[in-house]
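1. below: sequence and its predicted model.
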2 protein chains.
Amino acid sequence: MAYDAIETPFGKVDKILGGAATYIGLSASRFSLDCAIVSVVGEDFEEEHLSLLRDRGVDLSGVEIVKGGATFFWSGKYHNDLNTRTTLDTQLNVLENFNPKIPDHLKTPDIVMLGNLSPDVQLKALDQLESKPKLIVLDTMNFWMEHFRPALDKVITKVDVISINDEEARQLTGEYSLVKAAGEIQKMGPKYVIIKKGEHGALLFHDKEIFCAPALPLEEVFDPTGAGDSFAGGFTGYLTETGNISFNNMKLAIIYGSAMASFTVEKFGTEKLVNYTPSMMMARLRAFKELTTFEIEIE
Amino acid sequence: MAYDAIETPFGKVDKILGGAATYIGLSASRFSLDCAIVSVVGEDFEEEHLSLLRDRGVDLSGVEIVKGGATFFWSGKYHNDLNTRTTLDTQLNVLENFNPKIPDHLKTPDIVMLGNLSPDVQLKALDQLESKPKLIVLDTMNFWMEHFRPALDKVITKVDVISINDEEARQLTGEYSLVKAAGEIQKMGPKYVIIKKGEHGALLFHDKEIFCAPALPLEEVFDPTGAGDSFAGGFTGYLTETGNISFNNMKLAIIYGSAMASFTVEKFGTEKLVNYTPSMMMARLRAFKELTTFEIEIE
């Protein structure tokens, strides 16, 4: 959970609610399910932001509030193409010594979504679980691959699904072909590999099966921050609500996740993710269907 | 029509058959249709390469053979990611003074595919037609946008479909959003806009409709040369064979074109495009269908 200062070609905000757990929690809470966040914030974390999550049914009993501490802060500037960004400032603050503590009533989750964070912290969280979850999903990034590879490798052996971008899949395996990269990653542990390609959509690999979801072509992308996390929260949220972790249902989870990411990028921060209506979601699912449907005769 | 010397991370060839018209003609000839190439070669152009095309039913009466001239030659080296390449040598040779001459019996075509070449040459070809084709498809690239913009703008007003890559669509319009870029291009003339995204597939825009075709994720990409031209030949070939230029049929034409491009990149030059079997094509169409199909309930 974080505060972000973001500059895009379309505007600037000084301090808005952000962080992987926030986006994941807000996305997941759009489904009918019980969900909880395990994270850490500083004493500066606004009551209105705790309420925003709590009011949507997110259990915050696993969110530690450090007295006298400051919440993680990130500041970045997106360039004109919105595909590249420069980090202007990173203040770890209370995240530096974060030691996740999972409350007893949260120790037997169905689905665990490990947000992008130090693999050591991710391991500490997994170690506290009292039963094997139906599904563990891991999000990570190049930084952890470069500097924390042994710990990351250990996390990877323990998860069912990994979600990374195309460059990271190549970096993790040394394979340029994404088919080969996904094959190598499956050998490391995760039976399902999601490769996120931003405006080009996402691929889901499982055994010999591949599913390709487009991203919705949008007139305006306003602020890409949180797109991947909204996707992850939508993906796990849909799987939790439906209680079905088959490959076919994961396809739909990816479509829901992509739809949620498409809402997030249309406004700064979490604004649209929180405010879209069910009929807006239906229209977006319909757009995904129209975008990809073709009827071909195959002999 | 050209000779290419190509180096990829997987091998090297000194002088193989290449050129936009060659790939387009060979793709189109895989369908049941009459097709012809209007182009120019030098006296060095091998009889076996003329036969390769002629044996597949490609009418070469519009191909001028310049006595004492040399065929266009291109030499390039692909980098490790295969997405970027360096041109090592370009010898225009007979292409420098190419003045296309369309034989009388070819002056009333159903569908015209303008391969990537100087817009002045493209205009000279269009000016010789004696009836309005059902469909004119234009392929072009950044080079012509940068140095021949007025002539290119003139061609663009005369075509029904334009096929360019995502960066070129942005360059042509100054719009970063591909939805907006496609909208601007439609205002210039072409009612259909195809945006090619290489390994990320292709988008087809028409009015408010959008279709998104993935590229087939491949284990091995051997040589990307000719992928876009194979796509163009497959697209126009399928439309010609079926005689149906509706948006829905164009979707299938894009899938066929993508399948043909996926064959081309698996071997050097035209080898696989010429040698794939109908059952290999069926398997590939099935793979496209499996890759994109999902069943979602929309209220």
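-> It's in.
2. dump stretch A:138-153 to PDB, restricted to CA.
-> Extracted in PDB, the C-alpha atoms of stretch A:138-153 (Å, rounded to 0.1, in the frame of the first residue of the first chain):
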ATOM      1  CA  LEU A 138       2.800 -14.700  -7.900                       C
ATOM      2  CA  ASP A 139       3.400 -11.300  -9.300                       C
ATOM      3  CA  THR A 140       7.000 -10.100  -9.500                       C
ATOM      4  CA  MET A 141       9.300  -8.000 -11.600                       C
ATOM      5  CA  ASN A 142      12.800  -7.600 -13.100                       C
ATOM      6  CA  PHE A 143      14.200  -5.900 -10.000                       C
ATOM      7  CA  TRP A 144      13.800  -9.000  -7.900                       C
ATOM      8  CA  MET A 145      15.200 -11.200 -10.800                       C
ATOM      9  CA  GLU A 146      18.300  -9.100 -10.900                       C
ATOM     10  CA  HIS A 147      19.000  -8.700  -7.200                       C
ATOM     11  CA  PHE A 148      17.100 -11.400  -5.200                       C
ATOM     12  CA  ARG A 149      17.300 -14.400  -7.600                       C
ATOM     13  CA  PRO A 150      17.800 -17.200  -5.000                       C
ATOM     14  CA  ALA A 151      14.900 -16.100  -2.900                       C
ATOM     15  CA  LEU A 152      12.700 -15.500  -6.000                       C
ATOM     16  CA  ASP A 153      13.600 -19.000  -7.300                       C
END
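3. how far does it sit from its chain's centre?
-> The chain centre lies 15 Å from the centre of stretch A:138-153; the measure is C-alpha atoms, centre = their mean, to the nearest Å.
4. anything in it near chain B?
-> No - with C-beta under 8 Å from any C-beta of the partner chain as the criterion, chain B is not reached by stretch A:138-153; the gap is at least 15.9 Å. (Each C-beta comes from the backbone N, C-alpha and C, glycine too.)
5. contacting residues around that stretch?
-> For stretch A:138-153, the surrounding residues in contact (C-beta atoms under 8 Å, 6 or more residues apart in numbering or on different chains) are A:20, A:113-116, A:118-120, A:122-123, A:155-156, A:159, A:161-165, A:167-168, A:171-172, A:188, A:190, A:228-229, A:232.
6. taking these one by one, which sit in helices?
-> Within the contacts of stretch A:138-153, membership in helices is found for A:20, A:119-120, A:122-123, A:155-156, A:167-168, A:171-172, A:188, A:228-229, A:232, as judged by DSSP state H.
7. A:V179 falls within a helix, correct?
-> Yes - counting by DSSP: H, G, I helix; E, B strand; the rest coil, A:V179 is part of a helix.
8. wait, isn't A:K107 in contact with A:Q128?
-> Yes - with contact defined as C-beta atoms under 8 Å, A:K107 reaches A:Q128; the gap is 6.2 Å.
9. just to revisit the earlier point, report the buried members of the contacts of stretch A:138-153.
-> Neighbour counting by 16 or more other C-beta atoms under 10 Å in any protein chain shown classes A:20, A:113-116, A:118-119, A:122-123, A:155-156, A:159, A:161-165, A:168, A:171-172, A:190, A:228-229, A:232 among the contacts of stretch A:138-153 as buried.
10. hmm, back to that, more neighbours: which of A:K107 and A:Q128?
-> A:Q128 (14 against 11; other C-beta atoms under 10 Å in any protein chain shown).
11. which ones are touching that one?
-> Contacts for A:Q128 (C-beta under 8 Å, 6+ apart) come out as A:P100, A:K101, A:I102, A:K107.
12. swap the cut-off to 10 Å and go again
-> A:V38, A:P100, A:K101, A:I102, A:P103, A:D104, A:L106, A:K107 (C-beta atoms under 10 Å, 6 or more residues apart in numbering or on different chains).
13. can you check A:I162 too?
-> Applying C-beta under 10 Å, 6+ apart to A:I162 gives the contacts A:114, A:136-140, A:155-156, A:168-169, A:172, A:182, A:185-186, A:188-195, A:205.
14. what's the answer for A:I185, then?
-> For A:I185, the contacting residues are A:I156, A:I162, A:I164, A:A169, A:L172, A:T173, A:E175, A:K191, A:Y192, A:V193, A:I195, A:F205, by C-beta under 10 Å, 6+ apart.
15. residues touching the third one, list them.
-> Just to be clear, that refers to A:I164. A:116, A:138-142, A:145, A:170-172, A:181, A:185, A:193-196, A:228.
16. and the longest helix seen in chain A, what's buried?
-> Secondary structure of chain A read by DSSP H shows that its longest helix is helix A:247-264. Neighbour counts over helix A:247-264 (16+ other C-beta under 10 Å) mark A:250-264 as buried.
17. and if you look at stretch A:264-277?
-> Neighbour counts over stretch A:264-277 (16+ other C-beta under 10 Å) mark A:T264, A:V265, A:E266, A:K267, A:F268, A:G269, A:T270, A:E271, A:K272, A:L273, A:V274, A:Y276 as buried.
18. so which of those residues sit within helices?
-> Counting by DSSP H, the buried residues of stretch A:264-277 place A:T264, A:E271, A:K272, A:L273, A:V274 in helices.
19. so the first one versus B:D89, what's the distance?
-> With distances defined as C-beta to C-beta, to the nearest Å, the gap from A:T264 to B:D89 amounts to 47 Å.
20. what sits against the residue lying closest to A:T22 once chain neighbours are set aside?
-> Of all residues not flanking A:T22 in the chain, A:M1 sits nearest, at 5.2 Å (C-beta to C-beta, 6 or more residues apart in numbering or on different chains). Taking C-beta under 10 Å, 6+ apart, we find A:M1 in contact with A:17-23, A:25, A:37, A:39-42, A:45, A:49-50, A:53, A:60, A:63, A:71-72, A:94-95, A:115.
21. one more time with 8 Å
-> A:M1 neighbours (C-beta under 8 Å, 6+ apart): A:G18, A:G19, A:A21, A:T22, A:I37, A:S39, A:V40, A:V41, A:F45, A:V63, A:T71, A:F72.
22. quickly list what the first one is bridged to.
-> With DSSP bridges applied, the residues forming beta bridges to A:G18 are A:A2.
23. thought A:E64 was touching A:P103, still the case?
-> No - the pair A:P103 / A:E64 is not scored as a contact, 10.4 Å apart, by C-beta under 8 Å.
24. where does the stretch 151-299 of chain A come near chain B, residue by residue?
-> A:176-180, A:197, A:199-201, A:203, A:209-214, A:217-221, A:248, A:251-252, A:255, A:282, A:285-286, A:288-292, A:294-296, A:298-299.
25. of all pairs in the contacts of A:Q128, which one is the farthest apart?
-> Greatest spatial distance in the contacts of A:Q128: A:P100 and A:D104, 13.9 Å, computed using C-beta to C-beta.
26. look at those two and report which has more neighbours.
-> Ranked by neighbour count (other C-beta under 10 Å), A:P100 and A:D104 place A:P100 first, with 18 against 9.
27. measure the residue nearest the centre of chain A to chain B for me?
-> Residue closest to the mean C-alpha point of chain A, counted by C-alpha atoms, centre = their mean, is A:D229 at 2.5 Å. Distance of A:D229 to chain B, computed by C-beta to the nearest C-beta, to the nearest Å: 22 Å.
28. swap in A:T225?
-> 17 Å.
29. looking at this, that residue is in a helix?
-> No - using three-state DSSP, the secondary structure at A:T225 is coil, not a helix.
30. return the residues in contact with it.
-> A:D4, A:I6, A:G18, A:G76, A:T264, A:F268, A:G269.
31. for it, phi and psi?
-> Note on A:T225: its backbone torsions stand at phi -60, psi 130 [degrees, to the nearest 10].
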